[in-house]
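[1] Provided below for reference: sequence and predicted model.
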Amino acid sequence: MERLFDLDMQLVHDTVLLALAVFLLFLAMSYLLFNPVRQMLEDRKKRIQTDLDTAQSDKADAAELKAQYESKLKEIDKEAEAILTEARKKALQNETKIVDEAKEEARRIIARANEEAALEKKRVADEMKQEMVKVAAMMAAKVVSANIDTTIQNQLVDETLKEMGDSTWRS
């Protein structure tokens, strides 16, 4: 036992050749397999990062669109409320206008009825006067027929008119 591990030149030579073959194989594998795999992994990593960035950007855009949508909804609600308020005001104005017109029409109808009543009173008073004239004429005819003189006739007419008075003519 001169050697501890039985190292001889052949073994060292085989070991060096094996190491050199492994190194060359490693370089060839690295060039042919590892680098393409690394490149593929790097490309995948970039693509994933791009997808994440795009997703983040889309999420931010969606949040912005949501905020715009909500603000537009609030504006639309305000506009709808303003339109309803304006419609209520117009309705109240129309209601007031219609009520005023109805009151005016009622006032005109009442005034017309009062005028008609006054005209009717005047007509009745005129008829009454005509009746009085007829009565006076008949009295005068009776007086004339009885040969009463004009002083007696005037006296009878005056007495009749005094008895009737002004209140009869005015009612």
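    Arrived safely.
[2] wait, what's in contact with Leu52?
    Listed by Cβ atoms under 8 Å, 6 or more residues apart in numbering, the contact set of Leu52 is empty. Heads up, the C-betas are built off the backbone N, CA and C, glycines and all.
[3] I'd like the distance between it and Met40.
    19 Å (Cβ to Cβ, to the nearest Å).
[4] now swap in Leu73 and tell me
    48 Å.
[5] Equivalent analysis for Glu127, please.
    126 Å.
[6] Also Lys89?
    72 Å.
[7] what pLDDT, on average, does the longest helix anywhere in the chain get?
    Identified as the longest helix of the chain according to DSSP state H is helix 35-145. Across helix 35-145, the average pLDDT comes to 92.
[8] Any idea how far that helix is from the middle of the chain?
    In this view, helix 35-145 has its centroid 10 Å away from the chain centroid, taken as Cα atoms, centre = their mean, to the nearest Å.
[9] residue closest to the middle of this protein?
    Leu84 (2.4 Å; Cα atoms, centre = their mean).
[10] Tell me how far that residue lies from Lys78.
    For Leu84 relative to Lys78 (Cβ to Cβ), the value is 11 Å.
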